[in-house]
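# Have a look at this prediction, sequence included:
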Amino acid sequence: MSARDRWTEAVAAAVAEGLLSEVQAARSAEERPWPVVLLTAIGAWLAVIPLCGFVGMLLFDTPAAPYLIGPACLWGAVAVLRARHVSLFVEQLAVPGLLVGECLLAFGLYRDVPVQGASVLLAALTLGVAVAVPRAWMRALLGAVAAGLTWLSLMPDPGRWLVEGGHGWWGHGWWALHALLLAWAGALAVQRVGGPQSALVLESLGAGWVLFAVAGLAVSSGMTFLVGGSLGLGGAHGGWTGERLVERGVSAMLAIAGFVWLGLAWPSVRRLSWGVAALVGVVLACAMSTLGGLLFVLAACAGTGRWRLAGAAALGAAWVVGAFYYALEVTLLHKALLLLAAGVVLGVIAWGLRPGRGRGPAVAPTPEERLAWPLALVPVTVVSCLLVVNIGIWQKEEVIAHGRTVLVEMAPVDPRSLVQGDYMALNFRLPPVLERAGPNDLPPHVVVQVDERGVATPLRVELAGEEAAVLAPGELRIALTAKDGRWVLVTDAWFFKEGDAKRFAVARYGEFRITADGDAVLVGLRDTALVPISP
């Protein structure tokens, strides 16, 4: 008796004992326990590794091998997946078989056919395989792959775009992603008029397809929140040229279409407060050309009960709003005012729509719902925070007041900082420090020679625990600071008011105040002539 037969008998016995309902039993007949599937899949993948090596050896000197082995792998995998009585292990062997067959054909087609033509052929093949396989999760994955191939086929000269690392892709990529959204909306309309079997196939295919589009719109908006700040990357909103204005107009229209769709599906949202919230979304979509498509997907999926896809679209919309900070064509002040106004309006609407409002007298909260901490902790916390902050400020002021002025050469760059404004990321010219900076490591020191102008020339680094050498005349010892797993000289950033970037772009030296103990504070920047740069 096979493992599947034993599982069927166990389910039938559970139904007879009343431990499982008939609905749960029917569901279990279609779905296997995921731990069993996962472990079996791992074993199958490990068994396929030698197969991949064998296929690689066949491809080494055989140009026609991709067109012979690739279709054979795909046909065999689809046949196994469609078979009704195969073991779980054999079924899982078909999954890497699909991957090997698809990759072999991609290798041959991209080698022998232009990129756009190869992408069209592979997209059509992937859609055909997705229709043939019986598993919904496989259709979703293949739908995402087909969407990516279709997007690539819509890019002009994609080979050059890939070689150049994606430069200059923004406009064409934006339109291609929205073409994918249009195709998905058309598939939703077809589902409403087609039969149940075609609706099931389109549902799983469309899920993967639209997830690729959602991810593409989010990523194409640029890096979001602290991700962009930590990597030194900005956004890709593209300025306010005529083409960009058209994109923003399309984004606003998509947002309007999404909200209209939601209003038709949910009569409860047809009131003034929801209309104002929709207007806020349309205004934001005008400012962010990738937001409208995501709001359209969010509204369409919420209106049709596709909550997982709606959650993915909401996450993408949050990413786009965070990436809006890095849109350099809009000043920080204007972005702050726009987002603040949107937040206030949405907050007032949410307050008015909170549960229980206008439905009778308010119910007193239970003790568990009240604030657990005594109110006396509030002033204690405030005083403690102020004390810690002011002690640190007093220490820095002492260094500034009594420290020696030393100038250290630097190599600045200028990304942007979340919330804090514009800044220069500083990289002072120091001897290399080999060890990584841990949270509890003692700081090393850099020894510098200071000339009569106050300019420091770095000489060496003294690691923590090493015996410190006697300083020669004119030498100073400066403690390094741990930052992001590396050692820096005091800080790696200099903040300034927005609009002063050109003034500080000529900075070549950092001006420090340094005490005899090696404590240092960065107090300003100077140009090549050692003249202080004033804000």
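Looks like it came in fine. Numbers count the residues shown, from 1 in each chain.

# by contact count, what packs against the host helix or strand of residue 320?
When elements are assigned from DSSP states H and E, residue 320 belongs to helix 307-323. Packing partners of helix 307-323 (3 or more C-beta pairs under 8 Å, 6 or more residues apart in numbering; DSSP states H and E): helix 196-220, helix 291-303. C-betas here are computed from N, CA, C, even on glycine.

# Tell me the helices and strands packed up against the shortest one.
Under the contact criterion of 3+ C-beta pairs under 8 Å, 6+ apart, the helices and strands touching helix 291-303 comprise helix 170-193, helix 196-220, helix 242-265, helix 272-287, helix 307-323.

# Can you pull the poorly scored residue ranges out of the stretch 151-300 of the chain?
157-171, 225-243 (pLDDT under 70).

# again, 90 this time
152-176, 187-204, 218-248, 261-275, 277, 287-290 (pLDDT under 90).

# and what of the chain?
1-117, 131-139, 152-176, 187-204, 218-248, 261-275, 277, 287-290, 302-307, 320-535.

# could you pull out the strands for it?
With strands called from DSSP state E, the chain shows them at 404-409, 416-417, 421-425, 445-450, 455-462, 475-479, 481-483, 486-488, 493-496, 509-514, 520-526.

# Tell me which of those strands sits most buried.
Per-stretch averages of neighbours, counted by mean count of other C-beta atoms under 10 Å, single out strand 509-514 among the strands of the chain, with a mean of 23.

# outside of it, which residues touch it?
399-400, 402-410, 426, 428, 455, 476, 478, 489-490, 494, 520-527, 530, 532 (C-beta atoms under 8 Å, 6 or more residues apart in numbering).

# Could you list everything residue 514 pairs with in the sheet?
Going by DSSP bridges, residue 514 is paired in beta bridges with residue 404, residue 520.

# Please report the distance of it from residue 522.
Residue 514 is 10 Å from residue 522, where distance means C-beta to C-beta, to the nearest Å.

# Residue 194 now?
The value you get for residue 194 to residue 522, if C-beta to C-beta is used, is 67 Å.

# Might one say that residue 277 is in contact with residue 346?
Yes. Using C-beta atoms under 8 Å, residue 277 is in contact with residue 346, at 6.2 Å.

# thinking again about what came up before, now distance to residue 106 too, for the helices and strands packed on helix 307-323, in TSV please.
What follows is these, written out as TSV (distance: least, C-beta to C-beta, whole Å):
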stretch	distance to residue 106
helix 196-220	17
helix 291-303	28
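
# hey, which of the ones you listed is tucked in deepest?
Of the helices and strands packed on helix 307-323, the one with the most neighbours on average (mean count of other C-beta under 10 Å) turns out to be helix 291-303, with a mean of 26.

# Please export the C-alpha coordinates of that helix as CSV.
Presented in CSV, the C-alpha positions along helix 291-303 are these (Å, rounded to 0.1, in the frame of the first residue of the first chain):
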residue,chain,number,x,y,z
LEU,A,291,1.3,54.7,-7.3
GLY,A,292,-1.8,54.9,-9.5
GLY,A,293,-1.3,51.4,-10.9
LEU,A,294,-0.9,50.0,-7.4
LEU,A,295,-4.0,51.7,-6.1
PHE,A,296,-5.9,50.3,-9.1
VAL,A,297,-4.7,46.8,-8.2
LEU,A,298,-5.5,47.3,-4.5
ALA,A,299,-9.0,48.5,-5.2
ALA,A,300,-9.8,45.9,-7.8
CYS,A,301,-8.5,43.0,-5.6
ALA,A,302,-10.3,44.4,-2.5
GLY,A,303,-13.5,44.8,-4.4
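
# related to what we said a few turns ago, more neighbours: residue 277 and residue 346, which one.
Neighbour tally, residue 277 and residue 346, criterion other C-beta atoms under 10 Å: the higher count belongs to residue 277, 19 against 14.

# For the more buried one, which residues are in contact?
Residue 277 neighbours (C-beta under 8 Å, 6+ apart): 345-346, 349.

# Format those as JSON lines; extra columns: distance to residue 112.
Formatted as JSON lines, these follow (distance: C-beta to C-beta, whole Å):
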{"residue": "345", "distance to residue 112": "56"}
{"residue": "346", "distance to residue 112": "54"}
{"residue": "349", "distance to residue 112": "57"}
